[in-house]
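Student: Got a sequence here, can you build the structure:
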Amino acid sequence: MLHNTEFWLLALPVIFTGYFMFGISGFGASLITVPLLSHVESPAQLLPMLVLLDMSASLIMGARFRADMARREVIGLIPFTVLGCALGVTLLVKLPREALMIAIGVFTLFYAAYQLYDPVNVKPISRAWSAPAGFVGGMMGTLFGAGAPPYVMYLTRRVIDKSALRSTIAAMAVLAIGARLLAFTGAGLMFNGEPWLVFLLLTPVAGLGLYCGHRVHLRINRAQMLRAIFVMLLVSGGSLLARALLN
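Tutor: As a prediction, the model looks like this:
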């Protein structure tokens, strides 16, 4: 990556855009950065660097705005997320992976498109939905590296305040990204010095994007933020669908 001119020309605007969206909504950077940067760099080099940026952004958001966090919602999701991570692969190992990705991708696309029609009237749901949301989110994070959609679908119907919604989504991102970081460390991908150096060089760009996204977050209302979130869910569902169909 260090000597790849094409990577740097693409990385600067892509990293800024990804973390700009993260600053607005509390998630979604990897939905932009991973697909685009994969065109110019191998995943083995790229993903360890991006997981460091994602973890840093999530920790900053979580620490800076922890007072806004809906802690009861996070506590309710955590045990089911852990269960999904631990048992999801075991329970679904015999199911066709591509078929599962298509099903989840199509569902996410339709859900996001439906909610974009009228984000103001997102009706609240019971806390009992934390069980399937946490389990499926943990499972998706383990299988596909993309566990955010179930958490976001649940939290947008549980957390009313837009700042609390963003910080709560970011808190769940810490858990999901932390599991991915542990997996990469176990596979030996975090012991190469180059991703760490590229991470340090790109940190100011990601930080600027995060700051600009936060400034926009302060100026928009809840309906506008929900539109941004549902657009990111559209991207997420489309990404899962594309990965399944192109495999």
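
Student: What's the mean pLDDT across whichever helix or strand residue 174 is part of?
Tutor: If you go by DSSP states H and E, residue 174 is part of helix 162-186. Helix 162-186 shows a mean pLDDT of 83.

Student: Over to stretch 125-138?
Tutor: The average pLDDT for stretch 125-138 rounds to 90.

Student: Outside of it itself, list whatever touches it.
Tutor: Stretch 125-138 is contacted by residues 73, 76-86, 88, 104, 147-151, 153-154, 157-158, 172, 176, 179 when judged by Cβ atoms under 8 Å, 6 or more residues apart in numbering. Using the backbone N, CA and C atoms, a C-beta is placed for each residue, glycine as well.

Student: Only alpha carbons, please: show that stretch as PDB.
Tutor: Listed next in PDB are the C-alpha coordinates belonging to stretch 125-138 (Å, rounded to 0.1, in the frame of the first residue of the first chain):
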ATOM      1  CA  ILE A 125     -41.100  -1.900  18.700                       C
ATOM      2  CA  SER A 126     -40.900  -4.100  21.800                       C
ATOM      3  CA  ARG A 127     -37.500  -4.700  23.500                       C
ATOM      4  CA  ALA A 128     -38.200  -8.400  22.800                       C
ATOM      5  CA  TRP A 129     -36.900  -7.700  19.300                       C
ATOM      6  CA  SER A 130     -33.400  -7.300  20.800                       C
ATOM      7  CA  ALA A 131     -33.000 -11.100  20.700                       C
ATOM      8  CA  PRO A 132     -33.400 -11.600  17.000                       C
ATOM      9  CA  ALA A 133     -31.600  -8.300  16.200                       C
ATOM     10  CA  GLY A 134     -28.600  -9.200  18.400                       C
ATOM     11  CA  PHE A 135     -28.400 -12.800  17.200                       C
ATOM     12  CA  VAL A 136     -28.700 -12.000  13.500                       C
ATOM     13  CA  GLY A 137     -26.300  -9.100  13.900                       C
ATOM     14  CA  GLY A 138     -23.700 -11.300  15.600                       C
END
